Each structure stands twice: as C-alpha cells, then as structure tokens.
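1. let me see the structure of the following:
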Amino acid sequence: MTLETQTILLALLGAFLMALTNIAFTIPLRNMGSFALVQLNNIGNIVLLGAIGMWSFAPSEFRWEAFAWFAILGVFNYSINRWIFYTGLNAMGPSRHIAIVSLTPLLSLGFAVFLLGERPGEFVLAGTFLVVAGVVAVGYEPTEGKWFRAGIGWSLTSVVFLACSVYVRNRGMSYMAAPALLTAWGALVAIPTGELLRPLLPKRFFEWGGAKRYFHLILIGTCLNGLAQITINQAMRGKLSLAVPIMSASPVFVILFSAMFLRKIERLNKRVIIGVLIAVAGMMVIGVGRHN
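-> Residues are numbered from 1 along each chain as shown. This next block holds a predicted model:
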C-alpha cells in the first residue's frame, strides 16, 4: 500500500469516526450537562489512549516541551473548548453544528494570510465563498425575529478555539510524535481544569442527569473519539493535499447518520442538506488550492 493510499484511507476513516462520535454523544447531551460529558470523555481518553500510548512509548523519546504544549491544549481545548463544542452540538444539532465548525480551516487560512503573508489563489477564494455560503444556509433560520438559529454562537466560538489549537497541537507533535500518550496527558490536565471552572459556570452544565441511562452511548462515543484522534493524527503525517479535503467530508457522514439514527431529534430540511454539501465542497476546494 502506497503512502498516498494510506493517507486517503486514514483521513476517510478519521472523518467517519468523528461523525459517529458526534452522533453517539447527541442523545446523552439531551439528558445531561455538557461539561459532565466532557469530564467523562476525558476520563475515557486517559484510560484508552493512556494504555495505547504507554504500550508504544519509548522512554528515550520523552520531550518535556511536548508535554508542556499538550498541557496548554488540555486546558483550552480538551476542557474549555470541548464544553463549548458539546454545548453547540446540543443547541444546534449535529448536522448544523459540524457544518459551522468546518469553518476552522478557513480561520486558520486567515491567520496564514495576515500573519505569514500567504497569498490565496483563485481556488482558495472560490472555496471560501462556497464555505461561507454553505454556513449561512445552514445557520439561517428566521424565528422569533432572529436571523440565525439560536445557539450558533457556541458553534462559532468553538471554531476560534479549534483554529488556535491546531498551532498548539502542531508545536507539541513537532517535539514528540506520540499522539495517543500526549492526548491522554492533555485529557488528564483537562479534568482538574473543569473542576476549577465548576464554581464559575451554571450548575446545569455539570448535571449528570441521564448519564447512567445512556452510559452505553457515552462509552461508545468516548472510544470512537479516542480512535478518531489517533487516526486523524496519523493521516496528517501524509500529504495534506490529500488528507485535508477528505477530512472536510465529516459533515456529510453526520447528515447520513442523523437521517439514520436521529430522526426524532434532528429535523433536516433541504436548505440544511444543501448548505452542508456546499460548505464541504468549499473546504475541499480550499484544501486542493492551498496544498496543491
């Protein structure tokens, strides 16, 4: 199997696993606080990825700089942003939320343009237009005098955190290529961070509610999340021009799974489906134009 074929298969598998993860978490989020789910997911990441990471870890590879960067990632991404992400997932529904979060590479592109002096070509500009048009179509839902669906702010805020976390993750991995162990370490840092935030946030975010009733879905989602992170990190070691456009197809899988498993929870209409497809097409165009 060639490196290109391996990259394509890993990126496709990563998009598939992340879509399944979000679908699995959707029902529990309707019955418990989003930060409570964050803590459970982090515990699962510690157990699963910690075991995998320690099994494959060589002491000679240890770099404290990598652990420092992933400690930062644990605070801002695995704790705060996961809370924001899961709250947006519950408020917007998986299809709309994931489509909006697909703006993350677009924001990263903006950083590259203004901070690094990159000049976007025609493909990138065309893809940007498609992404924005698709996200507007997904988020537009005039009700009670509002132009956009309630809860869209959570999704947009998550985009900012995710875009910043890309840089932090890259810095950590540049010192030590141990995605499973470093992710487990970040999750370990995230748990006490969440407890420190408990007095500052409304109690509803920490309510366990129906966690026991839907524990099987939480367990499945946590395992899928851990496997997805390993798969995605491995895919990114190949050609980005192959991995990035394919990873952007995750919202398409979410639509399919929502139609299969969440018919009573998420109502999809033609505008949402078309908007997601347009946004995904735009991200693929940007990926090809930027990395080709």
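2. A strand includes Ile232, no?
-> No - with the criterion set as DSSP: H, G, I helix; E, B strand; the rest coil, the secondary structure at Ile232 is helix rather than a strand.
3. where do the strands sit along the stretch 101-250 of the chain?
-> Shown for the stretch 101-250 of the chain, the strands assigned by DSSP state E, counting those that start in this stretch span residues 140-143, 146-148.
4. and these, which one is worst for confidence?
-> Set side by side, the strands of the stretch 101-250 of the chain show their lowest mean pLDDT on strand 146-148, which sits at a mean of 59.
5. now the stretch 101-250 of the chain, which segments are flagged as low pLDDT?
-> Using pLDDT under 70 as the threshold, the predicted model of the stretch 101-250 of the chain has low-confidence ranges 105-106, 108-121, 124, 139-150, 236-246, 248.
6. run through the residues that contact Leu256.
-> Counting by Cβ atoms under 8 Å, 6 or more residues apart in numbering, Leu256 makes contact with Ala19. All C-beta spots, glycine's among them, are computed from the backbone N, C-alpha and C.
7. distance check, Ser60 against Ala184.
-> With distances taken as Cβ to Cβ, to the nearest Å, Ser60 is found 19 Å from Ala184.
8. elements contacting the longest helix that the chain contains?
-> In the chain, assigned by DSSP state H, the helix with the most residues is helix 3-29. Applying 3 or more Cβ pairs under 8 Å, 6 or more residues apart in numbering; DSSP states H and E, one finds that helix 3-29 contacts helix 34-56, helix 82-92, helix 94-101, helix 215-235, helix 240-247, helix 250-261.
9. next one: the third one to chain centre, how far?
-> Relative to the centre of its chain, helix 94-101 is centred 10 Å away, using Cα atoms, centre = their mean, to the nearest Å.
10. who's in contact with that helix?
-> By Cβ under 8 Å, 6+ apart, the residues outside helix 94-101 that reach it are 19, 22-23, 26, 85, 88-89, 91-92, 134-135, 138-139, 149, 152, 155-156, 158-159, 162, 250-251, 254-255, 257-258, 262, 266, 268, 272-273, 275-276, 279-280.
11. nice, that's everything, thank you.
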